[in-house]
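In: show me how the following folds:
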Amino acid sequence: MINPLNIEKKYLRLCIKEIEDKLSWGKKEGWTNHNFKTLSEDISRITGISISISSIRRIFGQDKSYKDNFNPQLETRNSLVRYLGYESWTDFKKKKGRNFVTNLSTLLVKNKLLLAITGGLALITIILMLIFSDLSIINRSYYFSGHNLDGYAPHTVAFQYDITKLRGDDFSISFDEFFHPPLNINLPKEEHIVTHTYYNSYYYYVYLKRKNKVIATDKVMVRSKGWDYGAFIGDTYFKLPENLLANKDRLVLLPSELVKCDVDTTSDYSTEFKNIDDFGVDGDNMEFSSRLRLNKLLRTRGCYHFTLRFLGTNGFSSVTLNNIGCSSLSRILWGDYKRNGQFDDLSFLAQNLFEWSTFTVRVKDKKGELFFNGQSIHKFTYTKSLGEIKGIHVYFLGSGEIDDIKFIRSNNGQIVINDNFNAAISK
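Out: Take a look at the predicted model:
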């Protein structure tokens, strides 16, 4: 008979393995008490729930008296998976595609299988043996594991893989670095390692694909040292001198400076600012505000934009504002809440961006609100969690300016970033 406790333990092993991969500290058997203490503090900081060091050691099999029998309470399991960016233990199991008992029960009811029939019993036995022989499809059919996933640019990562047991040859990997083509690299089945060097700071989503369908994912954090910056025209990226923001009282890349870096400022160029780090901020409970202003280009179609993007462990969310008259180009993408100015009325996102204005995004318990110059302009709700914030990305069409940046944990009011740039900026 299938023991539900054993099923939960198999899920727990998957959770532990994912935490191991996230932390990149090596195998848990080699962790010291300092590692477990750091993990305990990180879980408390990110989820708001404390798990003692001794409990974490038991969960990870480092307390011999509990190695085979310890099964943490549901609240503890919820905290572990929330640390990974999932909503709950149930959400974790669902997204791992392992809610087999419920699915099988539904299948039996729908098809009205007669369990008394010998053939039916034999068939069900075979199905259960196949399902529960190994809950980790990754371990059974293919292997995909990233290494050295955290660092500063330039930064090289390596992914070990084994796809020899999968049918077909159309396999590829996307390293998500738009300005460093090719976007997709074909993976030979006879090879087992692929590397990539990242030249720009960002929080990247790496995808293992089969016929352009994603079958596995991982994340790479290439950190910035404070606010990083750059300029681009189409798919051409311009890496700018490290001291370009020195002695400035705001974030701005002036056209006269960009010309000296071979940027054609008579074309539709864009400038960006980004801060990539472990902020310890829950994407569903945060507040961001800044003063901003757009500068008009020498030559353009007349529509300008400002985009604010948050990079989370579960994906990214963003909002795009445009100048008055260009609301069809505005966008909101926040979890499963998506609005497109071409098909939705987003006129509230069309504002006078050529004067200094304050834009604020406030999110609490998956309820968001946008403010412009202190006035609420839009409210929305969503269900798909953003996870923990790993990056803030701001970009303009042309040379925009930013000042008075605040990034706050909305659940406790703690200020994480408070940049007014009164002092000189140095890289």
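In: tell me who's in contact with Ser399.
Out: Shown in contact with Ser399 (Cβ atoms under 8 Å, 6 or more residues apart in numbering): Val252, Leu253, Leu254, Pro255, Leu258, Thr265, Thr271, Asn295. (C-beta placed from N, C-alpha, C; glycine too.)
In: please redo it, this time with the cut-off set to 7 Å
Out: Val252, Leu253, Leu254, Pro255, Thr271, Asn295 (Cβ atoms under 7 Å, 6 or more residues apart in numbering).
In: ChimeraX command to pick out the buried ones of these?
Out: Selection of the buried residues among those in ChimeraX, burial being defined by 16 or more other Cβ atoms under 10 Å:
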select :252,253,255,271,295
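In: show only the entries of the contacts of Ser399 found in strands.
Out: Using DSSP state E, the subset of those located in strands is Val252, Thr271.
In: any chance of a markdown table for the contacts of Ser399, columns distance to Phe232 and pLDDT?
Out: Shown next, in a markdown table, are these (distance: Cβ to Cβ, whole Å; pLDDT from 0 to 100):
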| residue | distance to Phe232 | pLDDT |
| --- | --- | --- |
| Val252 | 16 | 92 |
| Leu253 | 11 | 91 |
| Leu254 | 16 | 89 |
| Pro255 | 15 | 89 |
| Thr271 | 8 | 93 |
| Asn295 | 17 | 85 |
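In: contact partners of the longest helix along the chain?
Out: Longest helix in the chain by number of residues (criterion: DSSP state H): helix 4-23. Here helix 4-23 makes contact (Cβ under 7 Å, 6+ apart) with 28, 59-60, 71, 77, 80-81, 84, 92-93, 96, 98, 135-136, 145.
In: with stretch 356-376 instead?
Out: Contacts of stretch 356-376 (Cβ under 7 Å, 6+ apart): 284-293, 308, 319, 321, 334, 351, 377-383, 410.
In: hmm, try it at 8 Å
Out: With contacts defined as Cβ under 8 Å, 6+ apart, stretch 356-376 is touched by 283-293, 306, 308, 319, 321, 334-335, 337, 348-349, 351, 377-383, 385, 403-404, 410-411.
In: cool, stretch 171-187 as well?
Out: Contacts for stretch 171-187 (Cβ under 8 Å, 6+ apart): 157, 159, 161, 163, 189, 194, 196, 198-200, 202, 204-210, 212, 220, 232, 235-237.
In: just the ones of those in strands?
Out: Checking those against DSSP E, those in strands are 157, 159, 161, 194, 196, 198, 202, 204-210, 220, 232, 236-237.
In: tell me where the chain has helices.
Out: Counting by DSSP H, the chain has helices at residues 4-23, 33-47, 53-59, 74-83, 89-95, 100-111, 118-132, 137-141, 255-259.
In: contact partners of the second one?
Out: If you take Cβ under 8 Å, 6+ apart as the criterion, helix 33-47 is touched by 19, 23, 25, 49-53, 56-57, 60, 62, 79-80, 82-83, 280, 282, 388.
In: which parts of that helix are buried?
Out: Here helix 33-47 shows Asn35, Phe36, Leu39, Ser40, Asp42, Ile43, Arg45, Ile46, Thr47 as buried, counting by 16+ other Cβ under 10 Å.
In: nice, that's everything, thank you.
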